[in-house]
Every structure is written in structure tokens, then in C-alpha cells.
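Student: can't give you the sequence, but here's the structure:
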């Protein structure tokens, strides 16, 4: 086909025959023009002929460089029953929607433990899901196989599956000169928690923000010079009473001097200033001051501290420093300290706590602070206590994923009974029951 | 009867939401009195009402019956029962004889099929009345097509650039007149063009060559009597003059046909299902085209890779032959591999050759051996054959196909069109 003829035809078509006469058919086509043709029919005839000629010879399209195909997979496929379960979890979760990521994570971990991979056909949906729900990514990476890594490398939103897991950034120590040169906000952010000299110097910083940050960090550092100064302020306030030193008398501090103000004992509007200073002093001083005065260990010292501001200060110190003996001593009064305990102690301590206090607050602390999965005994205690309490506003919805992650499968009968009897907790018991009944299917499918 | 697999059940679902609902029901809990024989699966499913729904499935056809009020076929209960059954874990037990309600249904169906065949045989034709109906229809169409010729001349006079600026209603008004004039096929092309002129980069050439095709249809219609029967068939299909039983030849004897793949297109007001079959004996390719409008369901898709023993009725026209099933297909085998694929050049040659005979054809079926290449930087996914030639992959989401092939050489069965290839099934892939 003559290219220029087709070009002229296209131009005439764009403009319309009113403004541009279509070119005559090229004689080499051997198509006679229509008798009695008008410009319009001539153009339409040309379109019919040109279109047919274009279709008669479709141009070849040579491809350029091609990406490498996926490498073959060496690791075996998940068993068929497990693959079917995965399809279920991905397309129609047999558990409450909020619990799907948890159940899916269990599946993925079971697959990784068995050293198997997901089938190719499941990869696009799985990668899309884990792209939306980033908490699934760590468990997804090990089971996608060569095919999955190949696929993930092709899409920018899936590259997380092939990128190395982000390593925690090691803080590089900052030289004091460099630190001083930073603007105030950056100085506060760059304060190193372990450079006590720099923290001490920061107490004299121009910026209020930097000073407050330094004070917060120093509260967590019982070996600092400031902690020693706080100890010196605390000691005179404490006195052991009684011949057997069974009591502890605490005096409220008087107005601080300039050094005290520099250490954070400032004046605020409202409230008892002296109680506030006591709390700040207790929060900044080494906890060893208390045991020195009483001559007893933390477990026996903590009950002697009855002054509320002093208790609040000590709890702040325990939280900031994670001192285990003190956390164990005070956890009954402040269940959030469960988070401070080592993982292998949390469970037993939490169980003891639940059995002795029977307080809903303790359950909330268990749910929030004890690492899952929980022991059968703790799980049973949690369910037992929940069944006899009423949820605070919204807490049922918040607690569901943590409960599902923590509860041991052995408590399922109790959860089932709860689900049948209960309405105060909404769908929570039923959702838990459903989830716990589903878990064995995962184990079974990988057997 | 070979056992179905999970993919086959998923393929049988009328839509994604039915499958989703079915998965929820595919647990033993709500089911009772389940069982299966070689050709039937049945069970009772406890729904929200007091009486459980009775579900029966004829595996051979496939056909479904459920006492629930759903207008979807198969409904979620039937799909759920199939999901349970393919698990083969004993939830649906094997039985020698079907349960009462399922057996009754199978017997009724068999009786009805025999009745329909007998009615077909008794069908009498009044040639005079039929000729008069045909004449009336042709007169209506002629008037509409002359009107359309005028519209085309106006388009040529005003120019395609002006037409591109027209609102959708301008195209729709012309399409509506064609529908009134009993030329719905052309009307559909016009509505497609309304979208294409705004969305395609090559809209100017596309509109010009399409207008050429429309013009060719008008010209051919004017010379109807001179056309060969094949061309008459092609033109009739293109214009949307549907075929009545009277217009079609008798059914051929049943023969083995392999299901290469199927495509469902539900974007328009009309749902369309294209099933591509390949003759086991001769390798000939035919197309079974089904339509459904409104809430009406499409027929249940046949299973990819299966071989059906079925008599066909062929429609007049050029290749690929359009056909319909003259009776319920009897599956002979499942999961038969695709024929070995050829080159894209060959497939393109086939499409050009088809256009030579039928300028209004849209697509040809083709098995191409090649690699699926992922989309990148705004370039769509492509199929590259073993000779280094490529075609764009049609369809919204190529990722399932990419995951299945891993970019390795496979046989891809698909529909080759002017703009690219739509993969419908893949052979020899790791799933």
C-alpha cells in the first residue's frame, strides 16, 4: 500500500471531505473507482480498501531484551490440604476478618517450619495481601520460593518480598562538638542515651526541649551524676522507724536550690509542689537508696513505701530502668510492669497476679504486655476472669487479636462455653472460639 | 467419570461473590444426606429457613438443581457441595444409588431431554409465513442501513476530528436508531467506538478503518443476493441478525471436541461467553458463543482441557466456525494437554487469512508457544514466541498467568485480535 496515499486519506478523513478532497485510489491497486462517486463515498471506499490492506499484512513485532525466567524451585510444595487451607484463608477467611492476618501468619510459619513453599497460583493474592498488611511480610518471605521472588522483583509494590529485611540502624556515637553545632530540635533528637557526660552538659542547654529530653534520659541512668545528686536529696527524707525497722517514714522535700532546679525540680502551677518534687526525686534517684535505708530487699521494701508520690516516683524509675527485682515486687500494684519482666517470667508472674488480684485491670495488662503464646494455665485464668467481667467501652474490639494470639488452644472448651452463654462481650467469644477451632486444621494440614 | 479438581469448581462459579459464599458453606456443619455416584452429587444444606435446601448436581452435563430461591447457576449451595466433594475426605460419601430427590431429578432431566429431541423432530415449518417474516425483517434492516449510510457520509464530510469531539450521546443516538432498525450488531460497534475514540492513541486510524468496515457492510447488504452463503452468514452475524432454528442445518453426529479455553465478557449490557473447541479427529477449531442479558445466567462453562462427546449444529459463515451444542455434552476425559503451540507469525497469518474471507471477523483462536513477559514502564505484558516476535497480552491482570509460567516457555491458548492476544489457558505450567 502506498504510504503517502494512506496518509493523504487519513488527513482528508480528519478534516472532512468538505475541507479536503480525498486522494484518488492508487492505480496499482487495480480497484476501479465507483461510478457516480461523491467525495464522501470516495473517502469511505478508501477507508474500506485501506483497512483491508492494513489487516492483510499485520506487521511483525520483534521483541527486545527479555527478562530472565524464574529459576526452578528446589524446595517442595506445601501439601495439598495445606494449599487448600491457604486458599480459604486468602479468599474467604474461616475466622473473623480481624483475625485473618493472625491465622494466615500461623499458616505461613507452619509452612516455613516444614520447609515448603506456596504454589505459584497462590502467589499474586498472597503478595497483594502482605503488601496491604505489612505485619504478614516477615512470615511471607521464607515461603514464596524462587517463583515468588521472581514475581516480586517485577513489581515495585512487591519488592519488599525480595529486599533484605531492614537491619536496625546502629546509632553512631556523636562527638560533643558536632552535637553542639546542631539546631535545638535536632540536638534533642540526637541526644545519646548512654553518653552521661553529654547528658549532664545538656542540662545547661539553652533549649527547654533539649533539657527535658536530657532529664528523661537521665531518669533511666541510675549511675549518672544527677542520679547521685538525687540520691543525696532523697536520703535525708527517708527514715526507718521501729526497732525492727518495720516502718518507713517519708518527709516531703522543701523548695529546691538552683542545683535542684537544674536537675528538673521546677515549680509548676497547681497541685502540691512538695509532693511533686518528691515524685521527681524518687524517679531520678537510684532505687538502691530505698533498700539501703530499709536494709531489706525490694520485695520487702516496696510494701513499706506507702506515700503516694513516692510510690509513683519509684514506679517511674522501675519502668525507665527495667529493674527486675523491683518490677517483680511492684507488679501486683502496677500490672503494666509485666512488660518489664523477662519473657520467661511474664507468664508465671501474670498467672500469680490474676489469681491473687482477680482484677480486670490485670487482665488488660496481661493482654497488652505478656508476650504470646501464653501457657495453658495463664490462658485458662484469662478466660475465667473475662467471663466474669464486663468489657469497658471498646475494649472488646481492641483485645480480640491479642487474645487470639495469646490463648492456648487447650482453653477452647471454656471459650466455647463462654461464647454460648455470653452477650456482654458481643461477638468476641464466638470469634475466639472459631479461631481456636480453626488452628488445629493448620497443624493437621501440614502433618 | 473423572473426578473434578478444585480449579474446575472455581471455574464453574458464575461470579466471585458466589464462590466466596460457597467457601463459607463448604464445611460439613450445614450438610446432611450427602452422597455421590459416578454422575451425580447431592446433599441437603441447612440454610436460615426450617427446611434444608435440596442440592443435586449432574457431573456429566454439568447441570445443577437447588431448591433455594437464588437465580444464580450454580448457586452457592451447589458450589459449596462441589467444594466439599472435591476435597475427597469422606465428607461426601460414595454411593451406589442416588438419594431419592437427586435420582428423581436425574430421571426427569433425562425424560425432558428426550421430549425436547422429539419436539425438535416434530417441528413443522410453514415456508410461506417464514419467507414473509424474513422479507419484513430485511426491509426494516435495509431502511436502517440506508439511514446509516447517510450517517457515514455525514461523518466523512464533517471529519473524524469533529466526530471525536462529539459526546457519547451522539454515538448512542445513532446506535439506538440501528437497534430500532434491527441491526443490533452494528449498534454495538458504534457504542464501542464512542469509548475507543477517547481512549486509544491510534483512534484516528482505528475510526477510519472501522468506518470502512461499516461502509463495507452497507455495500455488501445492498448486494445481498450476489453474496456467497458464507459471506451472507458472516454479514448476518456482524449485523446482529440472529439465527433461528429454521436457518440452521441439522446437527452433526456426536464427535470428540476438546475444550481449549473459555472467556466471559460481562462488561456490556449483554453477557457473552466464548468457548473454543478443537476437533480431536481433525484439529478443526470451532466457537460456541453464548449470550445472556439482564439477570439471566450464562450457561455453565465447560472445563478447560476436557474432551466432550457432543453433536454440534454449525452456523453459516467462515472460519472459525460458530456452533452450538445440539445436545448435552458427555465428558470423555479431563485435563488433556493442549496441542503444541506454533509461532505468532503463523497465528497472525491465520488472522489475516480469516480477514480475507470475512472482513468483519474480530479474532482467531491460536495456540502459541512462547514466554509471557511482565509489564514494565507502562508497556503491557507481552507474549514473546520462540522466534522473538511479540504480541501484547490483552486483559486486565496478567499476574496470575505470569505466576503460573514464571516467564518460562509454555503453550498458551488464547484469542488473537488486532491489538494483541488474550491468554485463556496455559499448558505445562507449575501451579
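Tutor: Okay, I see it. Every value quoted in this text rests on a predicted model; they were computed, and no experiment measured them.
Student: Enumerate every residue touching the one residue in the stretch 201-350 of chain A that gets nearest to chain B.
Tutor: In the stretch 201-350 of chain A, the residue that lies nearest chain B is residue A:347 (33.8 Å; CB to the nearest CB). C-beta coordinates here come from the backbone N, C-alpha and C atoms, glycine included. The neighbours of residue A:347, taking CB atoms under 8 Å, 6 or more residues apart in numbering or on different chains as the test, are A:370, A:374, A:375, A:378.
Student: And the strands in the stretch 151-300 of chain A?
Tutor: Counting by DSSP state E, counting those that start in this stretch, the stretch 151-300 of chain A has strands at residues A:238-241, A:247-250.
Student: what do you get for the stretch 301-431 of chain B?
Tutor: B:307-310, B:312-314, B:321-325, B:330-333, B:363-373, B:382-385, B:390-392, B:409-417, B:420-427.
Student: Check which residues of the fourth one are buried.
Tutor: So the one you mean is strand B:330-333. B:331, B:332 (16 or more other CB atoms under 10 Å in any protein chain shown).
Student: Need the strands of the stretch 151-300 of chain A in CSV (columns: mean neighbour count, distance to residue B:363 and mean pLDDT).
Tutor: As requested, those are exported to CSV (neighbours: other CB atoms under 10 Å in any protein chain shown; distance: least, CB to CB, whole Å; pLDDT from 0 to 100):
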stretch, mean neighbour count, distance to residue B:363, mean pLDDT
strand A:238-241, 15, 91, 86
strand A:247-250, 16, 90, 87
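Student: Among those, which comes closest to residue B:380?
Tutor: strand A:247-250 (76.5 Å; CB to CB).
Student: Which residues of the stretch 1-150 of chain B lie near chain A?
Tutor: B:6, B:19, B:20, B:23, B:24, B:27, B:87 (CB under 8 Å from any CB of the partner chain).
Student: Could you tell me which residues within the longest helix along chain B count as buried?
Tutor: When chain B is parsed with DSSP state H, its longest helix is helix B:127-158. Buried residues in helix B:127-158, defined by neighbour count with 16+ other CB under 10 Å: B:141-142, B:144-145, B:148-149, B:151-153, B:155-158.
Student: Output the lowest mean pLDDT helix or strand found in chain B.
Tutor: Ranking every helix and strand in chain B by mean pLDDT, DSSP states H and E puts helix B:100-122 at the bottom, with a mean of 68.
Student: mind checking pLDDT for residue A:446?
Tutor: Listed pLDDT for residue A:446 reads 91.
Student: Are we agreed that residue A:384 is in a strand?
Tutor: No: per DSSP: H, G, I helix; E, B strand; the rest coil, residue A:384 lies outside any strand segment and is helix.
Student: For chain B, tell me whether stretch A:78-97 is touching it.
Tutor: Yes: using CB under 8 Å from any CB, stretch A:78-97 reaches chain B at A:84, A:87, A:88, A:91, A:92, A:94.
Student: Tell me the one among these nearest to chain B.
Tutor: residue A:92 (3.7 Å).
Student: What lies in contact with stretch A:19-36?
Tutor: A:1-2, A:5, A:8-9, A:11-13, A:39, A:41-43, A:45-46, A:49, B:159.
Student: Quick check: the gap between the residue most central in space within chain B and residue B:362.
Tutor: Centroid-nearest residue in chain B: residue B:274, 1.6 Å away (criterion: CA atoms, centre = their mean). To residue B:362, residue B:274 is 10 Å away according to CB to CB, to the nearest Å.
Student: same question, residue B:327
Tutor: 28 Å.
Student: One more: residue A:247?
Tutor: 97 Å.
Student: Then residue A:370?
Tutor: 65 Å.
Student: Have a look at those two and say which one is more surrounded.
Tutor: residue A:370 (25 against 14; other CB atoms under 10 Å in any protein chain shown).
Student: That one reaches residue A:346, doesn't it?
Tutor: Yes: the criterion here is CB atoms under 8 Å, and residue A:370 meets it with residue A:346 at 4.7 Å.
Student: Report the secondary structure element holding the closest residue to residue B:93 other than its chain neighbours.
Tutor: Spatial nearest neighbour of residue B:93, excluding adjacent residues (CB to CB, 6 or more residues apart in numbering or on different chains): residue B:35 at 5.5 Å. Counting by DSSP states H and E, the element that carries residue B:35 is strand B:31-36.
Student: Show me what that strand is packed up against.
Tutor: When contacts are defined as 3 or more CB pairs under 8 Å, 6 or more residues apart in numbering or on different chains; DSSP states H and E, strand B:31-36 sits against strand B:40-45, helix B:76-87.
Student: Next, the buried residues of it.
Tutor: B:31, B:34, B:35, B:36.
Student: Out of those, the closest to chain A would be?
Tutor: Nearest member of those to chain A, counting by CB to the nearest CB, is residue B:31, at 15.5 Å.
Student: if we can go back for a sec, quick one: mean pLDDT for the strand holding residue B:35?
Tutor: 83.
Student: got the contact list for that strand?
Tutor: Under CB under 8 Å, 6+ apart, the answer for strand B:31-36 is B:41-46, B:52, B:81, B:84-85, B:91-95, B:98-99, B:102.
Student: ditto for stretch A:213-225
Tutor: Here stretch A:213-225 has contacts from A:188, A:191, A:193-194, A:196, A:199-200, A:202-203, A:205, A:226-227, A:263-264, A:283-288, A:316-317, A:320-321, using CB under 8 Å, 6+ apart.
Student: And stretch A:257-265, by the same measure?
Tutor: A:203-204, A:215, A:226, A:229-230, A:233, A:253, A:256, A:277, A:280-281, A:284.
Student: Which elements pack onto the helix or strand where residue B:276 lies?
Tutor: Secondary structure assignment for residue B:276, by DSSP H and E: strand B:270-279. Packed against strand B:270-279, as judged by 3+ CB pairs under 8 Å, 6+ apart, are the following elements: strand B:255-265, strand B:285-293, strand B:409-417.
Student: just to revisit the earlier point, so how far is residue B:410 from the residue nearest to residue B:93?
Tutor: Where residue B:410 is concerned, residue B:35 sits at a distance of 39 Å (CB to CB).
Student: One more: residue A:357?
Tutor: Relative to residue B:410, and taking CB to CB, residue A:357 is found at 65 Å.
Student: Ok, residue B:92 next?
Tutor: 34 Å.
Student: thinking residue A:231 is in contact with residue A:285, fair?
Tutor: Yes: using CB under 8 Å, residue A:231 is in contact with residue A:285, at 4.6 Å.
Student: Who has more neighbours out of those two?
Tutor: Ranked by neighbour count (other CB under 10 Å), residue A:231 and residue A:285 place residue A:285 first, with 26 against 18.
Student: so what's the more buried one up against?
Tutor: A:222, A:227, A:230, A:231, A:233, A:234, A:317.
Student: To which secondary structure element is the last one assigned?
Tutor: Element membership for residue A:317 (DSSP H and E) is helix A:308-321.
Student: okay, now residue B:258: neighbour count?
Tutor: Residue B:258: 23 neighbours (other CB under 10 Å).
Student: so it touches residue B:306, yeah?
Tutor: Yes: using CB under 8 Å, residue B:258 makes contact with residue B:306 at a distance of 7.4 Å.
Student: Return, as residue ranges, the portions of the stretch 251-400 of chain A with sub-threshold pLDDT.
Tutor: Of all residues in the stretch 251-400 of chain A, those with pLDDT under 70 make up the ranges A:393-398.
Student: Of all the residues in it, which one is nearest chain B?
Tutor: For the stretch 251-400 of chain A, CB to the nearest CB, closest residue to chain B: residue A:400, 19.8 Å.
Student: what residues do residue B:258 and residue B:306 have in common as contacts?
Tutor: residue B:336.
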